[in-house]
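Trainee: only geometry, no sequence info:
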C-alpha cells in the first residue's frame, strides 16, 4: 500500500516518529491478539492493512464513524460508485473500524474504560503496522456549559442577560485546550495494581491551534477553543437533574456548572482525559473536537429534533476533513525551506 | 399485554414492588427523553411496550444480548417460524434492546460509565412502564483468577501444584457474592458535583444462592460463588502485561492477583460494582453471572479459539434461562402457604 507521503515539519525520516507503545513486553510477543478488535498479528498482515495510516479519527458511535469514513472517501476523491467500506472489526461488535486511504475511523463506545481498551489495542495495532507520524483526533458529542471568547463576542450588545448569554449555543464546536477532571484539574486518575496513579492530560497545543485555524477558514459554525471536562458518568457525574438517581438540587447543579465555567470549561464529555493521557504517554499528537448538543445551563435532556442532532454531529467531521485535506496538500507540496 | 403473573414470596400486591427511581424529579417531568435508548415517553407507550417485564438481562455485547433474546424465545416456547426480534433501540447504536415475553435483554457496552448511562435510562424506563417485581441479572464475560470452594474440591488430590491449581478453569461460571473494587473493598466510588461519593455495592444474596442452586441442577459446567473485582481498565487496571502501557513487572502482577485471590476474588470484569450500586440504591434485586474466558494466573491474552469462546459465553445464558423458567413455573403454581 502506498504511503501518503506525509513528512514532518523538520523533514525527519519516517522512522523518527514511529508509533511506539511504552510497554517493552509488546515487542517480545510472538503473537498479539487484539481481542476487542478481533484482529491478531498471526492472522492479519498489519503492515499491509494499516501501514499508510496517518490520521486516526475516533468517536463513540460506530454508525457515526462509518458515516465519517464514507464522507472522507468523498472528500479525498477515493469514493467511486459501488464502493464499500467494510468494518475491519466485523469479527466482534465491541468496536467498529473503517479505513479510507490514510484515515482510520474507529468507534470507542461510551466512557473512559471503553475508550481505554480501544486505545491500548489501537496503539499496538499502529506499532505492529510500523505506522509513523500518526495524529489522533476525537470527533465527538458533548454538553456545552461555558462561553469562551468567540461566544462572548457574538453575544456582546445583546439585550438578553444572565445565564443564557454565558452558554454556548447548541451546535457550537469546542476544540479542547485542556482535558480536565470533575474538579477542573488537567489530570487523569486511574487505578493500577490497586493504587491510584495520577497522570497529566496532554493534548497537542499546536494541533489545537491548527484545527482552530481550519474552523476560521471554514466559517461554517461557531467554534471555540476551551477546556473540556471529562466525567465518568452522564447523569450524576455531570450534575444532571433527570437521572434515576439525583442527590442534589437545581441550585447545587447551577453552582457546580458555574464553577466549571469559571475554570474555563466549555463542554463536558466522557472520554477526552484518557485520550490525552494514553496518547500523550506514547507521544502521539492528539486533539479533541466535540460539538455541543445542548446548553447545560438551560437543561439536561437532549431533546432537539433528530435531524438537528444529525447535522450537529457532522460539524466536527467537516472541520477535521478540512484539516486532513490541508495536511495532505501540504505534504504533497512542502514549503521550500 | 398480559402480566406474567409473578408474585412475591409474601403474596404482596404488584404495587408493593414497583420500580422507583430515587430521584423525585422524574415523576414531575412532562416528557422524558431516554436519549441513549432513542425512546421518549411522548413518542412511545412505555406501559404497553414494557409493562410485563419481570427479568432484565444485561451484558456488554449487543450481538450476545440479541442471541440471548432468541434463545429465551425458544426456551419459553415463544419462538415460531419467521419470528423476528427487532432491536427496540434501533434509532441509536449506543445500546441494543430486545424483548421476549417477560424478559428484556439489553446491552451495556464496556465499563462502568457506559453501564451507568444504560442503568439510569433502564430504571426510568421500568418506572414509566409501571413495572413491578423486576430482577436484573448481568450475564457477562470476565477473567478468572481465584479458586473458590468448588474449584478447590475439584483439584484436591491432583498431583499438580502451585498457581495453576489456584486458577479457575476457563469456562467456569462465577456468580458474584460481592462486587469489590481494585482494593478488594465492596464499594463503588463515583464523583458527584466534583466530590467523591462512596457507596456500598449491594447484590442480592438470596438471588445469588438461587442461581447457584440452578447451576447445581443443571450440572452443565463448573460454577462458583465468589467475589468479583470490578476495574475501570482492562489492561493496566487488571494488571495485564500486554497493553500498550505497562509500568510494572510480572512479579508485581502475580503478587497483585494473589492478593486479590486471598481476598476471595474469583474473577475480574468492568461493570459489576455500578450495577450493584445503582440497582441496590433503587432496591431492585440484582445478580452478576459471568463466565471466565481465561485464567489470569496463566496469562493475559484472550486467545482461545472463537468457537470455544462462543460456547463459554452461552453458559451464563443457559444458567439464567433455567432460573427464569423455574421462577415462571413457581409463579404459575405457587406453593400453598
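Mentor: Nice, thanks for sending it over. Everything numeric here is computed off the predicted structure, so don't read it as measured data. Residues are numbered from 1 along each chain as shown, chains lettered A, B, ... in the order given.
Trainee: helices and strands around whichever helix in chain A runs longest, which ones?
Mentor: Counting by DSSP state H, the longest helix found in chain A is helix A:306-332. Secondary-structure packing of helix A:306-332 (3 or more Cβ pairs under 8 Å, 6 or more residues apart in numbering or on different chains; DSSP states H and E): strand A:55-59, helix A:62-75, strand A:135-144, strand A:173-180, helix A:205-218, strand A:286-295. To be clear about C-beta, it is placed using only N, CA and C from the backbone, and glycine gets the same treatment.
Trainee: any chance of those in a markdown table, with mean neighbour count, distance to chain B and mean pLDDT too?
Mentor: A markdown table is the format used below for those (neighbours: other Cβ atoms under 10 Å in any protein chain shown; distance: least, Cβ to the nearest Cβ, whole Å; pLDDT from 0 to 100):
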| stretch | mean neighbour count | distance to chain B | mean pLDDT |
| --- | --- | --- | --- |
| strand A:55-59 | 25 | 11 | 98 |
| helix A:62-75 | 20 | 5 | 98 |
| strand A:135-144 | 26 | 10 | 98 |
| strand A:173-180 | 27 | 11 | 98 |
| helix A:205-218 | 16 | 20 | 97 |
| strand A:286-295 | 26 | 9 | 97 |
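Trainee: do you know which of those lies nearest residue A:196?
Mentor: strand A:173-180 (17.4 Å; Cβ to Cβ).
Trainee: Would you list the strands that that closest one pairs with, along with their directions?
Mentor: Partners of strand A:173-180 in the sheet, by DSSP bridges, are strand A:223-230 (parallel), strand A:286-295 (antiparallel).
Trainee: Looking at these, which is nearest to residue B:231?
Mentor: strand A:223-230 (18.2 Å).
Trainee: Please work out the angle formed by the directions of the next helix or strand after the closest one and strand A:173-180.
Mentor: Downstream of strand A:223-230, the first helix or strand assigned by DSSP states H and E is helix A:250-262. Angle of helix A:250-262 versus strand A:173-180, following axes from the mean of the first three to the mean of the last three Cα atoms, to 10 degrees, is 90 degrees.
Trainee: where's helix A:250-262 relative to the chain centroid, distance-wise?
Mentor: From the chain centre to the centre of helix A:250-262 is a distance of 25 Å (Cα atoms, centre = their mean, to the nearest Å).
Trainee: what packs against the next helix or strand after it?
Mentor: With elements assigned by DSSP H and E, the helix or strand that comes after helix A:250-262 is strand A:265-269. On a contact count with 3+ Cβ pairs under 8 Å, 6+ apart, strand A:265-269 meets strand A:135-144, strand A:173-180, strand A:223-230, strand A:286-295.
Trainee: what sits against the residue nearest to residue A:135 when sequence neighbours are not counted?
Mentor: Leaving aside its chain neighbours, residue A:135 sits nearest to residue A:285 (5.0 Å; criterion: Cβ to Cβ, 6 or more residues apart in numbering or on different chains). Residues near residue A:285 by Cβ atoms under 8 Å, 6 or more residues apart in numbering or on different chains: A:135, A:136, A:204, A:206, A:207, A:279.
Trainee: May I see those residues arranged in a markdown table, with distance to residue B:123 as well?
Mentor: A markdown table is the format used below for the contacts of residue A:285 (distance: Cβ to Cβ, whole Å):
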| residue | distance to residue B:123 |
| --- | --- |
| A:135 | 40 |
| A:136 | 35 |
| A:204 | 40 |
| A:206 | 45 |
| A:207 | 40 |
| A:279 | 35 |
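Trainee: for the residue lying closest to residue A:121 once chain neighbours are set aside, what are its contacts?
Mentor: Sequence neighbours aside, residue A:34 is the residue nearest to residue A:121 in space, at 4.2 Å (criterion: Cβ to Cβ, 6+ apart). For residue A:34, the contact set (Cβ under 8 Å, 6+ apart) comprises A:40, A:121, A:124, A:125.
Trainee: same question, residue A:308
Mentor: residue A:171.
Trainee: so where's the stretch 1-150 of chain A uncertain?
Mentor: A:1-16, A:146-150 (pLDDT under 70).
Trainee: quick one, domains of chain A?
Mentor: Following the TED database, chain A resolves into domains at A:27-133, A:140-147+A:167-336.
Trainee: Using JSON lines, lay out those domains together with distance to residue B:189.
Mentor: Converted to JSON lines, the domains of chain A look like this (distance: least, Cβ to Cβ, whole Å):
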{"stretch": "domain A:27-133", "distance to residue B:189": "14"}
{"stretch": "domain A:140-147+A:167-336", "distance to residue B:189": "10"}
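Trainee: For residue B:61, which of the ones you listed is the nearest?
Mentor: Once these are compared by Cβ to Cβ, domain A:27-133 is nearest, at 5.4 Å.
Trainee: what about that closest one, start to end distance?
Mentor: 19 Å (Cα to Cα, to the nearest Å).
Trainee: ok now it, how far from the chain's centre?
Mentor: Counting by Cα atoms, centre = their mean, domain A:27-133 comes out at 14 Å from the chain centroid.
Trainee: And the helices and strands packed on strand A:265-269: which comes nearest residue B:75?
Mentor: Comparing the helices and strands packed on strand A:265-269 by Cβ to Cβ, strand A:135-144 comes nearest, at 38.5 Å.
Trainee: tell me what that closest one is packed against?
Mentor: strand A:55-59, strand A:265-269, helix A:272-281, strand A:286-295, helix A:306-332.
Trainee: For residue B:124, see how far away residue A:180 is.
Mentor: 29 Å (Cβ to Cβ, to the nearest Å).
Trainee: Actually, residue A:20.
Mentor: The separation that residue A:20 has from residue B:124, given Cβ to Cβ, amounts to 45 Å.
Trainee: More neighbours: the two, which one.
Mentor: Shown here are residue A:20 and residue B:124; by other Cβ atoms under 10 Å in any protein chain shown, residue B:124 has more neighbours (25 against 17).
Trainee: Mind telling me what element the more buried one is part of?
Mentor: Going by DSSP H and E, residue B:124 is in helix B:112-128.
Trainee: from the contacts of residue A:285, which single one is nearest residue B:97?
Mentor: Closest to residue B:97, out of all of the contacts of residue A:285 and judged by Cβ to Cβ, is residue A:136, at 31.7 Å.
Trainee: List the neighbours of the strand or helix carrying residue A:105 that are in contact with it.
Mentor: Element membership of residue A:105, judged by DSSP H and E, is strand A:103-107. For strand A:103-107, contacts defined as Cβ under 8 Å, 6+ apart pick out A:50, A:53-62, A:64-66, A:68-69, A:72, A:76, A:95-99, A:118, A:122, A:324.
Trainee: Any figure for the gap between residue A:333 and residue A:214?
Mentor: For residue A:333, the distance to residue A:214 - Cβ to Cβ - is 17 Å.
Trainee: Bridge partners for residue A:18, pull those for me.
Mentor: residue A:132.
Trainee: Confirm for me that it is in contact with residue A:132.
Mentor: Yes. Counting by Cβ atoms under 8 Å, residue A:18 touches residue A:132, with 4.8 Å between them.
Trainee: what sits against the residue positioned nearest the centre of chain A?
Mentor: Among the residues of chain A, the one closest to the centroid is residue A:138, at 1.2 Å (Cα atoms, centre = their mean). The neighbourhood of residue A:138, defined by Cβ under 8 Å, 6+ apart, consists of A:57, A:58, A:59, A:108, A:271, A:272, A:275, A:286, A:287, A:288, A:289, A:290.
Trainee: In contact with residue A:40, which residues?
Mentor: Contacts of residue A:40 (Cβ under 8 Å, 6+ apart): A:31, A:32, A:33, A:34, B:303.
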